[in-house]
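> Need coordinates for the following:
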Amino acid sequence: MSEQPSRVIADPRALMAIAHPLRLRILEALALHGPLTATDVAHHVGESPANCSWHLRQLNKYGFIAEAGGGSGRQRPWRMVVDAHRWGVGEESPELARAGDAASQVLIDLEYRALREWLMTRRQETPEWRDAGFFNQAVGWCTPEELDDLRTSLSELFAPYLRRIEEASARPAGSRPVRLMGWGIPAATSEPGDGTEERT
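Sure thing, here's the model as predicted:
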């Protein structure tokens with residue numbers, strides 16, 4: 001299986017378009033319930049259709065959503081564009097770095113809230129879902145190449161499940177939306193023997 005193509009975002013305006021909690025809630029509503037009109041989105045996120053319509057146009061402008069076909073105005077349905085996004089790679093202007101940091105912070109805050117909510121409510125789930133849910137934590141030793149390989153492997157593992165956002169017919173009976181997140185970040189350390197000591 002090949003890795004889902006990544007869209008490297010190098011436009012600070014595109015990153016600022018998603019560095020907004022309401023827009024992330026709109027994207028989530030489209031992923032879970034879409035395609036949706038602005039009126040439908042408003043129902044799911046608790047905002048006015050006019051406000052949602054404006055935010056939908058901003059998300060569309062930068063390629064995060066697309067028209068699903070049919071309807072017009074606020075009754076025009078929108079769908080989420082399912083692709084992998086990356087930013088903060090290669091050389092960055094100060095403006096791009098600030099926008100990337102803001103987008104990352106909003107996304108991480110959203111996921112942390114969802115994880116905390118799961119931990120507090122998981123015992124209300126059926127045993128099958130409660131026992132299937134997980135989060136892993138580990139510290140390992142990697143070269144930069146190995147860490148990049150791990151990122152690619154995780155993207156490949158996630159890809160078939162992400163495709164089901166657009167392909168409702170591919171969702172097996174008994175499936176439901178599941179939040180998938182993974183990260184591998186170099187640990188800051190200066191302990192003896194950590195490989196950072198000066199070599200002569």
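> in the chain, which spans are strands?
Along the chain, the segments classed as strands by DSSP state E run 6-8, 65-67, 78-80, 84-86.
> Show me what counts as buried in the last one.
Spelled out, that is strand 84-86. For strand 84-86, the neighbour count (16 or more other CB atoms under 10 Å) marks His85 as buried. C-betas here are computed from N, CA, C, even on glycine.
> What distance do you get for Ser93 to Gly174?
47 Å (CB to CB, to the nearest Å).
> The two: which is more packed in?
Higher neighbour count among Ser93 and Gly174: Ser93, with 10 against 7, using other CB atoms under 10 Å.
> residue contacts, the closest residue to that one other than its chain neighbours?
Closest residue in space to Ser93, ignoring its immediate chain neighbours: Pro12 at 7.5 Å, by CB to CB, 6 or more residues apart in numbering. Applying CB atoms under 8 Å, 6 or more residues apart in numbering, we find Pro12 in contact with Ser93, Glu95, Leu96, Arg98, Ala99, Gly100.
> now do 10 Å
19, 87, 92-100, 102-103 (CB atoms under 10 Å, 6 or more residues apart in numbering).
> And these, which is closest to Glu111?
Checking these against Glu111 with CB to CB, the nearest one is Ala103 at 12.8 Å.
> Test my guess that the closest one contacts Asp11.
No - using CB atoms under 10 Å, Ala103 is not in contact with Asp11, being 11.4 Å away.
> Show me the shaky parts of the chain.
1-5, 74, 190-200 (pLDDT under 70).
> Which parts of it are helices?
Using DSSP state H, the helices of the chain run over residues 12-18, 21-33, 38-45, 49-61, 94-121, 127-132, 144-162.
> mind saving the C-alpha coords of the fourth one as PDB?
The C-alpha coordinates for helix 49-61 follow below in PDB (Å, rounded to 0.1, in the frame of the first residue of the first chain):
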ATOM      1  CA  PRO A  49     -25.800  29.700   8.900                       C
ATOM      2  CA  ALA A  50     -24.400  33.000   7.700                       C
ATOM      3  CA  ASN A  51     -21.300  32.700   9.900                       C
ATOM      4  CA  CYS A  52     -20.800  29.100   8.800                       C
ATOM      5  CA  SER A  53     -21.300  30.000   5.200                       C
ATOM      6  CA  TRP A  54     -18.500  32.600   5.500                       C
ATOM      7  CA  HIS A  55     -16.100  30.100   7.200                       C
ATOM      8  CA  LEU A  56     -17.000  27.400   4.600                       C
ATOM      9  CA  ARG A  57     -16.000  29.800   1.800                       C
ATOM     10  CA  GLN A  58     -12.600  30.500   3.500                       C
ATOM     11  CA  LEU A  59     -12.000  26.700   3.900                       C
ATOM     12  CA  ASN A  60     -12.900  26.200   0.200                       C
ATOM     13  CA  LYS A  61     -10.600  29.100  -0.800                       C
END
